[in-house]
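[1] Could you look at this predicted model? Sequence included:
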Amino acid sequence: MTEIIVVTSGKGGVGKTTTSASLAVGLAQRGKKVAVIDFDVGLRNLDLIMGCERRVVYDFVNVIQGECSLRQALIKDKRIDTLFILAASQTRDKDALSKEGVERVLNELADDGFDYIICDSPAGIEKGAALAMYFADRAVVVVNPEVSSVRDSDRILGLLASKTRRAERGDGAVEQHLLLTRYSPDRVAGGDMMGVEDVKDILGIEVLGVVPESSGVLTASNAGVPVILDAESAAGQAYADAVARLCGETVTMRFIDAQKKGLFARIFGS
Amino acid sequence: MGLFDFLRSRPRGSATVATERLRIIVAQERAQSGRPDYLPLLRRELLEVIRKYVNIDPEAIEISVEREGNQDVLELSVALPEKGVAAPATDATPASDA
């Protein structure tokens, strides 16, 4: 049984691709067969984050247009045997994607025995984003604790509830998860950033994970190594926790409390 | 937690303002979503038609779509002015001076 997971947000720059890459790696590390697809036609970046940009020969649009086979376009990850990347086209525009074409590719992946298909959505609510979410069974809505991101996420939640195959067929709702990124526990404690509970209350859905603001994310994207592979970084650990929760495990939230300061720091300031 | 932490409650920073603003706008937008997007235009055209016969206030028309079971019901309510300048409904002719 193949599960299709869309990683979406509405707003740009909140960490969708970073999240897609890390969730895909995390699931594949657990032995699952995973394909991660970049739906951002014209502005592809998943290949860079995954570190396979020089190995892209054919892309998603080529497959949809019948210019190559799916097998030719899937890039096998060099680190994990069961992980495959399908890059977006860099030269076409979003109209090159069609509902029928996307469905055909997803069906072929399902027939090929993939356990998970991660759809990395572009920002916005236009065609690319609409198609990335349309066939989803579950959605990971990436949100920063910041007003515009939260509002856009709510809009996306509305679309997930109405503009998806599940919604149209009445097959039960797309399972929705929140993933907070760029979270700064110190700023939350200081009252200048909305906390997990605030965001959760406003949007009314469960939280899959909280990824703290971490220098590891930039280091990882610089190197083309998904941050989940950096077990030293807080972000990497937070993504590993999120993957465990995605697989149904109960894991306590980490990285949401401000670091306690010692007596010295309290007296003399941070 | 320090010994004197109870003396200062969690600071009321900008995050509280953000949360309150978002609660309001999200509730408002959720109430609007799912409503057909032709409603504002329908409202304006209805207003024009009704104004051929009765001089009503632009705010006097309320339109809403309610879901009752499996049916969507379009509710339309028009408040007529107290001292109507209404033309008789039977031989209504569009006002020639309009």
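    That came through fine.
[2] just the helices in chain A please.
    All helices of chain A, identified by DSSP state H, fall at A:16-29, A:46-50, A:60-64, A:70-73, A:99-111, A:127-134, A:147-162, A:165-169, A:185-189, A:196-203, A:215-223, A:234-246, A:263-268.
[3] Most tightly packed of those?
    Comparing these by mean neighbour count (mean count of other CB atoms under 10 Å in any protein chain shown), helix A:16-29 comes out on top with a mean of 27. Yep, even glycine has a C-beta here, placed from its N, CA and C like the rest.
[4] Compute the inter-axis angle for that helix and helix A:234-246.
    Orientation check (axes from the mean of the first three to the mean of the last three CA atoms, to 10 degrees): helix A:16-29 against helix A:234-246 gives 60 degrees.
[5] Stretch B:59-66 and chain A, any residue contact?
    No: shown here: stretch B:59-66 not in contact with chain A (CB under 8 Å from any CB of the partner chain), separated by at least 14.6 Å.
[6] what's the weakest-modelled helix or strand in chain B?
    Least confident element among the helices and strands of chain B, by mean pLDDT, DSSP states H and E: strand B:61-68 (a mean of 79).
[7] Now find how far off-centre it is within its chain.
    9 Å (CA atoms, centre = their mean, to the nearest Å).
[8] on contacts alone, who are the packing partners of that strand?
    Here strand B:61-68 touches helix B:39-51, strand B:71-78, going by 3 or more CB pairs under 8 Å, 6 or more residues apart in numbering or on different chains; DSSP states H and E.
[9] Direction-wise, compare the first one with strand B:71-78 and give the angle.
    Inter-element angle recorded for helix B:39-51 and strand B:71-78: 40 degrees (by the same axes, to 10 degrees).
[10] quick one: average pLDDT of helix B:39-51?
    What helix B:39-51 shows for mean pLDDT is 87.
[11] Residue A:14 and residue A:140 touch, don't they?
    No: counting by CB atoms under 8 Å, residue A:14 stays clear of residue A:140, with 11.5 Å between them.
[12] Now chain A against chain B: closest residue?
    Relative to chain B, the nearest point of chain A is residue A:191 (2.6 Å; CB to the nearest CB).
[13] quick one: contacts for residue A:60?
    With contact set as CB atoms under 8 Å, 6 or more residues apart in numbering or on different chains, residue A:60 has these partners: A:37-39, A:41, A:73, A:86-89, A:97, A:105.
[14] With respect to residue B:43, which of those is nearest?
    When the contacts of residue A:60 are ranked by distance to residue B:43 (CB to CB), residue A:97 comes first, at 36.2 Å.
[15] Please tell me how far that closest one sits from residue A:38.
    Separation of residue A:97 from residue A:38 (CB to CB, to the nearest Å): 11 Å.
[16] More neighbours: which of these two?
    residue A:38 (31 against 23; other CB atoms under 10 Å in any protein chain shown).
[17] So which bits of chain A are right by chain B?
    So chain A meets chain B at A:145-147, A:150-151, A:154-155, A:158, A:162, A:188-195, A:198, A:201-203, A:266 (CB under 8 Å from any CB).
[18] distance of residue A:224 from residue A:50?
    7 Å.
[19] go on, residue B:71?
    For residue B:71, the distance to residue A:50 (CB to CB) stands at 49 Å.
[20] before we move on, back to that, and for the least confident helix or strand of chain B, what's in contact with it?
    Defining contact as CB under 8 Å, 6+ apart, one finds that strand B:61-68 is touched by B:35-36, B:39, B:42-43, B:46-47, B:50, B:72-78.
[21] before we move on, back to that, please name the nearest non-neighbouring residue to the residue of chain A closest to chain B.
    In space, and not counting its chain neighbours, residue A:191 is closest to residue B:13: 2.6 Å by CB to CB, 6 or more residues apart in numbering or on different chains.
[22] Please give me every residue in contact with that neighbour.
    Applying CB under 8 Å, 6+ apart, one finds that residue B:13 lies in contact with A:190-192.
[23] which of those tops the neighbour count?
    Ranking the contacts of residue B:13 using other CB under 10 Å puts residue A:191 first, with 17 neighbours.
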